[in-house]
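No sequence on hand, only this structure:
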């Protein structure tokens, strides 16, 4: 029911006008916050990235999480740009950082105010990122192991590093199996194996290949999910 969990709506567009349109629509539908992707394909400069996020921030009352995933967008949002955005716009409150660099996480944290939140965008790097100051994760594996993912973050934040490390190592093989093909193909196949949905991604994504199925099934069995 409404209000039980915050809804963060994804806004992904490489035309700024389209991102603004999507942000307005999400806000009108009652979203609690926005996860705004860096513009993809057209490879804007850092100034262009800054102006893209500035436009969304100025035109929305919702809190904004910047989403940095250069492996998919073709452009890295530099720590300096994230620092500028955090300083200039009070509603830009966090970054989902999926560049795979702990140095970048550390640099972001030196350039942003203490109130700014860094969240891991890579499940296998959640614990290492938290060790330098990230606060949690926007997760793939949590779709199938929400309890363990939450427990890992909670353990670290309450100082139980031993428990956090044990959970990280327990989750690690499962996390790796979820990237055997392009995300979200394997996680949707896993959810289907668990009886929670049908394994039908939209084109151009395809169902998990027959070659990859045994390894994913094995990882789910070893974790006790099926």
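Arrived safely, thanks for sending. Computed from a prediction, not measured in an experiment: that's the story for all the values here. Residues are numbered from 1 along each chain as shown.

Distance from the lengthiest helix in the chain to the middle of the chain?
Assignment by DSSP state H gives helix 161-177 as the longest helix of the chain. Here the centre of helix 161-177 is set off from its chain's centre by 18 Å, with C-alpha atoms, centre = their mean, to the nearest Å.

In this structure, where is pLDDT below threshold?
1-3 (pLDDT under 70).

Strands of that one, start to end?
For the chain, strands defined by DSSP state E occupy the ranges 8-11, 33-37, 64-68, 92-97, 117-120, 136-137.

can you redo these as a markdown table with distance to residue 129?
C-beta here means a position set from N, CA and C on the backbone, and glycine is covered the same way. Formatted as a markdown table, the strands of the chain follow (distance: least, C-beta to C-beta, whole Å):
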| stretch | distance to residue 129 |
| --- | --- |
| strand 8-11 | 19 |
| strand 33-37 | 17 |
| strand 64-68 | 13 |
| strand 92-97 | 7 |
| strand 117-120 | 4 |
| strand 136-137 | 8 |
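
could these be laid out in TSV, adding mean neighbour count?
Conversion of those to TSV gives the following (neighbours: other C-beta atoms under 10 Å):
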stretch	mean neighbour count
strand 8-11	19
strand 33-37	22
strand 64-68	23
strand 92-97	24
strand 117-120	22
strand 136-137	22
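
now the helices for this protein?
16-28, 46-58, 70-73, 79-88, 102-111, 126-131, 146-157, 161-177, 185-193, 213-223.

Rebuild the ones you listed as CSV, extending it with mean neighbour count and distance to residue 137.
Output for these, formatted as CSV (neighbours: other C-beta atoms under 10 Å; distance: least, C-beta to C-beta, whole Å):
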stretch, mean neighbour count, distance to residue 137
helix 16-28, 16, 22
helix 46-58, 18, 22
helix 70-73, 16, 17
helix 79-88, 19, 17
helix 102-111, 18, 12
helix 126-131, 22, 4
helix 146-157, 17, 7
helix 161-177, 16, 11
helix 185-193, 21, 14
helix 213-223, 16, 18
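
Which one, of these, ends up nearest to residue 9?
Distance to residue 9, taken as C-beta to C-beta, is lowest for helix 16-28 among those, at 3.7 Å.

now the closest one, how far from the centre of its chain.
19 Å.

Next, the angle from it to strand 33-37.
160 degrees (axes from the mean of the first three to the mean of the last three C-alpha atoms, to 10 degrees).

Which residues does helix 16-28 contact?
9, 11-13, 34, 36, 39, 51-52, 55-56, 59-62 (C-beta atoms under 8 Å, 6 or more residues apart in numbering).

Now with 7 Å, please.
9, 11, 13, 34, 36, 52, 55, 56, 59, 60, 61, 62 (C-beta atoms under 7 Å, 6 or more residues apart in numbering).
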